[in-house]
Structures are given as structure tokens and as C-alpha cells.
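Asks: quick one: sequence and predicted model below, then my questions.
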Amino acid sequence: MPRTIRFHLDENCSKSICEGLRRRGVDVSTTPEAGLAGSGDEQQLAHCLANGRVLFTQDRDFLRLDAQGVPHAGVVYCVKDTKSVGELIQCLVLIWEIYEPADLAGRVEYP
């Protein structure tokens with residue numbers, strides 16, 4: 001497993017977040033890029049787990065799945081429209097700089 005966080009952004013995330021993270025050297029995949037557009041939330045979590053990616057989302061359904069014990073590589077959740085794109089990028093970069101993948105496995109982080 002890699003020693004740095006690799007993120008996966010769900011299909012409701014702004015492309016600007018992805019672009020901003022990539023400009024800062026963060027490894028990011030997106031739901032459309034992974035061919036998962038329109039797939040279920042459990043399928044996305046399974047994809048992230050299989051590929052060692054922490055999911056960033058603003059969809060609270062992922063919190064429900066975590067509470068039900070669905071295994072995952074980590075979820076970073078932020079309520080929609082509470083932070084600007086720039087603030088979200090800063091938060092995600094900070095998580096990327098501080099944590100290792102094992103730190104977030106099976107956890108939900110609230111930036």
C-alpha cells in the first residue's frame with residue numbers, strides 16, 4: 001500500500017477540486033474517470049478500497065454506509081456549500097501531508 005494518501009472524488013465534486021489537487025502533486029482519481037458514473041455508493045467504496053483510495057465526498061449517504069460497517073479505505077466528508085473550493089483544496093492537501101493511508105482506513109474525517 002502506498003505511504004501517501006491517494007484520493008478519489010465522487011461524481012458530485014467540482015472538477016476544480018480535482019485540478020487544484022493535481023496541481024499540488026496529489027494523486028487523484030474521479031468517479032467518471034474510473035468508469036463509475038451512475039454507480040451505487042457501495043460500488044464506489046469497494047472501488048476505493050480495492051485501489052487504496054480515500055474517498056472525498058459531500059454526499060451524506062457515505063456516512064450511513066460507514067455507520068453500517070461497510071469496509072472502506074477512508075472517507076473525507078464535508079457538508080456541501082460550507083467551504084469554498086479553495087478551502088476544500090487546502091483541507092485535502094493538509095490531510096495528504098499529515099496522514100498515511102492506514103491512518104484513515106475505516107475512518108471518516110471531517111475537514
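Replies: In hand now; what should we look at? Remember, predicted model here, so these are calculated numbers, not experimental data.

Asks: the strands in the chain, which residues?
Replies: 7-9, 28-30, 54-57, 75-77, 108-109 (DSSP state E).

Asks: got the contact list for the closest residue to residue 91 other than its chain neighbours?
Replies: Take residue 91 and drop its neighbours on the chain: the residue closest to it by C-beta to C-beta, 6 or more residues apart in numbering is residue 111, 3.4 Å away. All C-beta atoms are positioned from the backbone trio N, CA, C, and that covers glycine. If a contact means C-beta atoms under 8 Å, 6 or more residues apart in numbering, then residue 111 has 76, 78, 83, 88, 91, 92, 94, 95 as its contacts.

Asks: what's the closest of these to residue 26?
Replies: Ranking the contacts of residue 111 by separation from residue 26, with C-beta to C-beta as the measure, puts residue 92 on top at 7.1 Å.

Asks: next, count neighbours for that closest one.
Replies: 25 (other C-beta atoms under 10 Å).

Asks: just to check, it is in contact with residue 78?
Replies: No: using C-beta atoms under 8 Å, residue 92 makes no contact with residue 78, being 9.3 Å away.

Asks: any low-confidence regions in the chain?
Replies: By pLDDT under 70, the low-scoring segments of the chain are 1-2.

Asks: quick one: the helices in it, in order.
Replies: 15-23, 41-50, 61-67, 85-98, 101-104 (DSSP state H).

Asks: out of the ones you listed, indicate the one that is most buried.
Replies: Scoring the helices of the chain by mean neighbour count under mean count of other C-beta atoms under 10 Å gives helix 41-50 as the most buried, with a mean of 18.

Asks: contacts for that one?
Replies: Contacts for helix 41-50 (C-beta under 8 Å, 6+ apart): 8, 10, 31, 34, 36, 53-55, 59, 61-62, 65, 70-73, 75.

Asks: which of the residues you listed count as buried?
Replies: Among these, the ones that count as buried by 16 or more other C-beta atoms under 10 Å are 8, 10, 31, 34, 36, 53-55, 59, 62, 65, 72-73, 75.

Asks: any chance of those in CSV, plus distance to residue 16?
Replies: Output for the buried ones among the contacts of helix 41-50, formatted as CSV (distance: C-beta to C-beta, whole Å):
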residue, distance to residue 16
8, 16
10, 15
31, 16
34, 19
36, 20
53, 19
54, 19
55, 18
59, 18
62, 21
65, 26
72, 25
73, 24
75, 21
